[in-house]
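*Asks:* quick one: sequence and predicted model below, then my questions.
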Amino acid sequence: MTTPPTSLPLASIADAWWLVLILAALPLLWLIITYNGLISCRNRMRHASSGIDVQLKKRHDLIPNLVQTVRGFMQHEREVLERVTQLRTEARERRLDDPSRLDGEREIGSCLSLIRARAEAYPELRSSDHFILLMRTLNEIEEQISASRRSYNAAVEHLNNMVESFPSNLVAGWFGFTLADFFEAIESERAAPNVATGLGT
């Protein structure tokens, strides 16, 4: 004599449905977490970018005063002074995420380093209180730019890691996240400026 099949308890069926729902929700949960992580990385990068922009604008504001101060002493450096003034004007018309803006900012840094180095040949200029104050202010701004750039590059590295790494790269591709460019240091920040080189002089 065979025993009739027993039906599953309603509680077991409900538990099975909950398990199915949980398993189905896990990919969606991962997608949401990964997407929000990418958004967070991009926002940190944008915040750091705005910090760089603030410091660069401070440097832009200092340049006319610096050029006016050294012009009377550095008669033979007219080409450098004209170039840094031109670069400042061009940079103020472009966004920071414009590659040509970053190239221009690097060249501004090179010009300012060159002016600082060539000022060594002008004792009267170096002893000017106004020039000393300008150099002190410029040094502080350059340090702040360097700190802001490090924060920006750290945010870029984090974002790029998520964009390139599996499986977060799948989400990045679906939602259009792309690799960001680093804000590299200028050569004059990597090594002492060479007084004999730069700008065709």
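*Replies:* Yes, it's here. No experiment lies behind these values; they were computed from the predicted model shown.

*Asks:* which residues of this protein score low on pLDDT?
*Replies:* Counting by pLDDT under 70, the chain has low-confidence residues at 1-11, 13-16, 185-201.

*Asks:* which residue is nearest the centroid of the protein?
*Replies:* Tyr152 (3.7 Å; C-alpha atoms, centre = their mean).

*Asks:* secondary structure element holding that one?
*Replies:* helix 129-164 (DSSP states H and E).

*Asks:* so what does that helix touch, helix or strand wise?
*Replies:* Packing contacts for helix 129-164, counted by 3 or more C-beta pairs under 8 Å, 6 or more residues apart in numbering; DSSP states H and E, involve helix 10-71, helix 99-118, helix 168-174. Glycine gets a C-beta too; all of them are placed from N, C-alpha and C.

*Asks:* which of those is buried the deepest?
*Replies:* helix 99-118 (a mean of 19; mean count of other C-beta atoms under 10 Å).

*Asks:* show me how far that helix is from its chain's centre.
*Replies:* Relative to its chain's centre, helix 99-118 lies at 17 Å (C-alpha atoms, centre = their mean, to the nearest Å).

*Asks:* which SSE is immediately downstream of that helix?
*Replies:* Heading C-terminal from helix 99-118 (DSSP H and E), you reach helix 123-126.

*Asks:* contacting residues around that next one?
*Replies:* With contact meaning C-beta atoms under 8 Å, 6 or more residues apart in numbering, helix 123-126 is reached by Thr69, Val70, Phe73, Met74, Ala119, Glu120, Phe131, Ile132.
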